[in-house]
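# Test case, fold it:
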Amino acid sequence: MGRSHAHIRLTRAAAGLLILAGVFGASAGCSEVLFDPKKPRTQYDRYDRIRGDYAPQYIEDEFGQRRPNLRGRLGRRN
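Okay, the predicted model is just below:
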């Protein structure tokens, strides 16, 4: 008792639609910013700003693209 070609195509189409719905549903949940850039990230941000040792979250590279400031934020402090 084999399945008909129409039934197999319908099953594949339904599976494809479920996958697409899952991808779009997962990406819609990440649309909001996790941390507000205007609020302090840690309890030490105000202290670092007063000392002049504050590292911004993002910097522009030599090509003008916005990149995370990993060296400034994770590197050694004075």
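# show me where the chain has strands.
Assigned by DSSP state E, the chain shows strands spanning 58-60, 66-68.
# could you say what helices and strands the last one packs with?
Based on contacts counted as 3 or more CB pairs under 8 Å, 6 or more residues apart in numbering; DSSP states H and E, the elements that strand 66-68 packs against are strand 58-60. C-beta coordinates here come from the backbone N, C-alpha and C atoms, glycine included.
# From the contact counts, what lies against the longest helix that the chain contains?
The longest helix of the chain (DSSP state H) is helix 5-28. Using 3+ CB pairs under 8 Å, 6+ apart as the contact test, no helix or strand touches helix 5-28.
# what about that helix, distance to the chain center?
25 Å (CA atoms, centre = their mean, to the nearest Å).
# that older thread, with respect to burial, which of the strands of the chain scores highest?
Counting by mean count of other CB atoms under 10 Å, strand 58-60 has the highest mean neighbour count of these, with a mean of 12.
# Contacts for it next, please.
Residues from elsewhere that reach strand 58-60, judged by CB atoms under 8 Å, 6 or more residues apart in numbering: 66, 67, 68, 69, 72.
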